[in-house]
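K.L.:
how would this look folded up:
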Amino acid sequence: MFFCIGKHTLYRAVTGFSLVLLVCALLFGFKTQSDHPLAVAAANYEWGLSFQQENEPPVPNLSAEKLAPYNAYYYYPQTQEKTLYLTFDCGYENGNMPAILDALKKHNAQGAFFVVGTYIEQNPELVKRMADEGHIVGNHSWHHPNMTTKSQTEFTKELADVEAIYQQIVGKEMPKFYRPPEGKFSDENLSWAKELGYRTVFWSLAYVDWKVDAQPTKEEAFAKILPRTHDGAIVLLHSTSSTNAQILDELLTTWEEQGYHFGSLYDLGK
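P.N.:
Coordinates of the predicted model:
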């Protein structure tokens, strides 16, 4: 049996069906991306911590159990000794890195430096020094964008371009550690990073050190950092901070006196 439908009736039917799809998209969170047409929208996050008790791990907005399937971590206690993991975000160089590297060398402590592509491009000798002295140079993307706005192709390129210039400058493959720019990420970002072989590294200890024109005093920095110190902490410091460069030697000494050992991000997940 055949039905004959006039073009106006057909137009109304198609339009009505499109409207239903639009309503479903709004209600159920469908979205269209170049890599994932009509995929269920992934949840977007901005990493956050609530420091509730002194010298205890903070409460994050995503639990360790939620992060674990993606090879993502924000703290990682060891069973044998109290451990801290030292990480630095490096957006640009303003003269503090030599003092930071000197302090780490003095204490035989490994740091992990999350760099953007332009940092490697503009500071090849410092990046080579990081690698030569046994530090991890991690991937912080090329342009430091909000990665939740990127397609999988764009996400991959942001990381691959940094890998390429690191290989060019250092002559070695870049270590597979990634930190989301601005602490913004999605479930998809975590999944894509894992597919690329990365461990995503957040943090469980930080303070407001990134305001270059409003740097804390040594006393203010210690008053924030020491009560937040806890076993297994992944410490986030910004290399742009002149305060961090000035206090790092004394800070590492204080942590050592408190019984802390400085670990490697390579331990994450072992």
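K.L.:
show me the contacts for the closest residue to Val170 other than its chain neighbours.
P.N.:
In this structure, Val170 finds its nearest non-sequential neighbour in Ala131, 5.0 Å apart by Cβ to Cβ, 6 or more residues apart in numbering. The way it works is simple: take the backbone N, C-alpha and C, and place the C-beta from them, glycine included. By Cβ atoms under 8 Å, 6 or more residues apart in numbering, the contact list for Ala131 reads Val137, Val170, Lys172.
K.L.:
what helix or strand does Ala131 sit in?
P.N.:
Assigned by DSSP states H and E, Ala131 falls within helix 124-132.
K.L.:
give me the distance from that helix to the chain's centre.
P.N.:
Computed by Cα atoms, centre = their mean, to the nearest Å, the chain-centroid distance of helix 124-132 equals 21 Å.
K.L.:
now swap in stretch 82-102 and tell me
P.N.:
With Cα atoms, centre = their mean as the basis, the mean position of stretch 82-102 lies at 15 Å from the chain mean.
K.L.:
and it, which residues are buried?
P.N.:
82-91, 93, 96-97, 99-101 (16 or more other Cβ atoms under 10 Å).
K.L.:
average pLDDT across that stretch?
P.N.:
The pLDDT scores in stretch 82-102 average 97.
K.L.:
which stretches in the stretch 1-150 of the chain count as helices?
P.N.:
With DSSP state H, counting those that start in this stretch as the criterion, the stretch 1-150 of the chain has helices at 7-28, 64-67, 97-106, 117-122, 124-132.
K.L.:
so what secondary structure elements neighbour the third one?
P.N.:
So that's helix 97-106. Under the contact definition 3 or more Cβ pairs under 8 Å, 6 or more residues apart in numbering; DSSP states H and E, helix 97-106 sits against strand 83-90, strand 111-115, helix 124-132, helix 242-257.
K.L.:
got JSON lines for the ones you listed, with distance to Leu196 too?
P.N.:
Output for the helices and strands packed on helix 97-106, formatted as JSON lines (distance: least, Cβ to Cβ, whole Å):
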{"stretch": "strand 83-90", "distance to Leu196": "19"}
{"stretch": "strand 111-115", "distance to Leu196": "16"}
{"stretch": "helix 124-132", "distance to Leu196": "20"}
{"stretch": "helix 242-257", "distance to Leu196": "30"}
